[in-house]
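J.: fold the following.
(one chain, ligands or ions: 4)
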Amino acid sequence: MAKLNFGGVEENVVTREEFPLEKAQEVLKNEVVAVIGYGVQGPGQALNQKDNGINVIVGQRKNSKSWDKAVADGFVPGETLFEIEEALEKGTIICYLLSDAAQIEYWPKVKQHLTPGKALYFSHGFGITFNERTGIVPPADVDVFLVAPKGSGTSLRRMFLQDRGLNSSFAVYQDATGKAKERVTALGIAIGSGYLFETDFKKEVYSDLAGERGTLMGAVQGIFAAQYDVLRKNGHSPSEAFNETVEELTQSLMPLVAENGMDWMYANCSTTAQRGALDWWKRFRDATSPLFEELYDNVAKGNEAQRSIDSNSKPDYREKLEAELTELRESEMWKAGKTVRSLRPENN
Ligand SMILES: NC(=O)c1ccc[n+]([C@@H]2O[C@H](COP(=O)([O-])OP(=O)(O)OC[C@H]3O[C@@H](n4cnc5c(N)ncnc54)[C@H](O)[C@@H]3O)[C@@H](O)[C@H]2O)c1
Ligand SMILES: CC(C)(O)[C@@H](O)C(=O)O
Ligand SMILES: [Mg+2]
Ligand SMILES: [Mg+2]
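T.: Ligands and ions are numbered 1, 2, ... in the order given. All right, here's what the predicted structure looks like:
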């Protein structure tokens, strides 16, 4: 494993150079990788593994949209696509990719099929870290590890098809066979990760829950909405408010930050923008950091996990979720966004 320097701190990273795909194929050649669940991560991970020559099968409820999607994606019922229990039986490595709440419900069945020497794979530290709430306690004679792609399953697949790779975290929780490390590394490469960053289950789930509630999804929508509303209240049109809040960020500035960092983007804007941004960013940091502290604290106490478990296991969960997503979709800002996106020349 390479030791790389991140801003002065050394960390362990597995690179594709030291662990190429051929090595992953060799490590996994006698394994049956059963991907349980075909929602968002399931398709990305299963298809990438299939294209990488890994012996992968999918376990999914019949008569579901996800089953039909797996068939459309080339998985063959009775050969590479099975009911969940049958796939659990056949798999030597169980990739547990049901939603985190559904993992609780299915756990007794999964546990039954975890015979000695098998491996249990997660893409999140949730079930194990919060096992007092989830009840997920694996038997001692199986390997338990995770590879958590740091991004959507949709991106994992798209980037694979573009010969790129999404970064993933990996961790070993239990090494029963003595081979957990090489098994998890091989899987990380096989699902299409770019580089693999070492962590543990608790750190993965704490950072992931904080990140998606924070800058990745929750905070960014909050900041968008706040700025958009202020612009609208001050007489700016919806298109002007949207362009100045979202469109310019996603289309122009963030791609530059992605390539070269915020410092480079700042250095390549007008001196007027530089002055303002340099003056204001620390105020935004100071205004929001109490909220980030509160968020992290809630994550660490297990409150966020509990809230997710409670809301996702309610019978009317889907209707309630749809109502909240509709509110977002029907907001003026995102309706304006739809029109703005339709006006991108490449969309015409
Ligand atoms: N969504 C992502 O891009 C992403 C990214 C990184 C990690 N993860 C992690 O990967 C895992 C899978 O997440 P996901 O977003 O792909 O899941 P998901 O919400 O898309 O659900 C996955 C599958 O679970 C099935 N399912 C849901 N409820 C069920 C039930 N009660 N019984 C049987 N099947 C049921 C669905 O049919 C679906 O096929 C989770 O641990 C998640 O935290 C997800
Ligand atoms: C894609 C995300 C937000 O990174 C993932 O963590 C998820 O839960 O869907
Ligand atoms: Mg997450
Ligand atoms: Mg994440």
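J.: list the contacts of P116.
T.: Taking C-beta atoms under 8 Å, 6 or more residues apart in numbering as the criterion, P116 is in contact with P139, D141, V142, A176. Where you see a C-beta, it was placed from the backbone N, CA and C, and this is true even at glycine.
J.: how is Y173 assigned, secondary-structure-wise?
T.: Look at Y173: counting by DSSP: H, G, I helix; E, B strand; the rest coil, its state is strand.
J.: ok, how many other residues are close to the nearest residue to it once chain neighbours are set aside?
T.: Ranked by C-beta to C-beta, 6 or more residues apart in numbering and with sequence neighbours excluded, the top spatial neighbour of Y173 is V144, at 4.3 Å. Neighbourhood size, V144 [other C-beta atoms under 10 Å]: 25.
J.: can you name the residues in contact with the helix or strand hosting V144?
T.: Using DSSP states H and E, V144 sits within strand 143-149. For strand 143-149, the surrounding residues in contact (C-beta under 8 Å, 6+ apart) are 41, 44-45, 118-125, 128, 138, 155-156, 166-177, 179-180, 183-184, 187-188, 191, 193, 196, 201, 204, 208.
J.: and those residues near ligand 1, which?
T.: Contacts with ligand 1 within the contacts of strand 143-149, counted by C-beta under 6 Å from any ligand atom: Q41, S123, H124.
J.: quick check: the residue nearest to L97 when sequence neighbours are not counted vs ligand 2, distance?
T.: Closest residue in space to L97, ignoring its immediate chain neighbours: G37 at 4.0 Å, by C-beta to C-beta, 6+ apart. Relative to ligand 2, G37 is positioned 13 Å away (C-beta to the nearest ligand atom, to the nearest Å).
J.: contacting residues for G37?
T.: G37 makes contact with G59, Q60, S66, Y96, L97, L98, S99, A102, according to C-beta under 8 Å, 6+ apart.
J.: E89: how many residues sit nearby?
T.: Counted by other C-beta under 10 Å, the residues lying close to E89 total 15.
J.: one more: S168?
T.: Neighbour tally, S168, other C-beta under 10 Å: 26.
J.: how about the secondary structure of it?
T.: What three-state DSSP gives for S168 is strand.
J.: got the contact list for the nearest residue to it once chain neighbours are set aside?
T.: Closest residue in space to S168, ignoring its immediate chain neighbours: S193 at 3.9 Å, by C-beta to C-beta, 6+ apart. Residues near S193 by C-beta under 8 Å, 6+ apart: V147, P149, G165, L166, N167, S168.
J.: any idea how far the residue nearest to the third one when sequence neighbours are not counted is from F145?
T.: If I follow you right, that is G165. Using C-beta to C-beta, 6+ apart and skipping the chain neighbours, the partner closest in space to G165 is G194 (2.8 Å). Distance from G194 to F145, counting by C-beta to C-beta, to the nearest Å: 19 Å.
J.: more neighbours, these two?
T.: Neighbours were counted for G194 and for F145 using other C-beta under 10 Å; F145 has more, 24 against 17.
J.: how about that one: what's its closest non-neighbour residue?
T.: Residue nearest to F145 in three dimensions, not counting chain neighbours: V184, with 3.9 Å by C-beta to C-beta, 6+ apart.
J.: please apply the same query to V257.
T.: The shortest distance from V257 to any residue other than its chain neighbours is 5.0 Å, reached at M265 (C-beta to C-beta, 6+ apart).
J.: and the one you found, that one's in a strand?
T.: No: counting by three-state DSSP, M265 is not part of a strand but helix.
J.: just checking, it touches L256?
T.: Yes: the pair M265 and L256 passes the contact test of C-beta atoms under 8 Å, sitting 4.6 Å apart.
J.: of these two, who's got more company?
T.: M265 (19 against 15).
J.: do you know how far the more buried one is from ligand 2?
T.: For M265, the distance to ligand 2 (C-beta to the nearest ligand atom) stands at 23 Å.
J.: quick one: residues contacting that residue.
T.: Listed by C-beta under 8 Å, 6+ apart, the contact set of M265 reads L253, L256, V257.
J.: list just the nearest of the residues you listed to ligand 3.
T.: Distance to ligand 3, by C-beta to the ion, is smallest for V257 among the contacts of M265, at 22.0 Å.
J.: and that closest one, what helix or strand is that in?
T.: Assigned by DSSP H and E, V257 belongs to helix 254-260.
J.: quick one, strands of the stretch 151-300 of the chain?
T.: Ranges of strands within the stretch 151-300 of the chain are 166-174, 193-198, based on DSSP state E, counting those that start in this stretch.
J.: out of these, which is closest to ligand 2?
T.: With distances scored as C-beta to the nearest ligand atom, the stretch of the strands of the stretch 151-300 of the chain nearest to ligand 2 is strand 166-174 (9.9 Å).
J.: just checking, what packs against the closest one?
T.: Packing partners of strand 166-174 (3 or more C-beta pairs under 8 Å, 6 or more residues apart in numbering; DSSP states H and E): strand 143-149, helix 153-161, helix 180-190, strand 193-198, helix 201-213.
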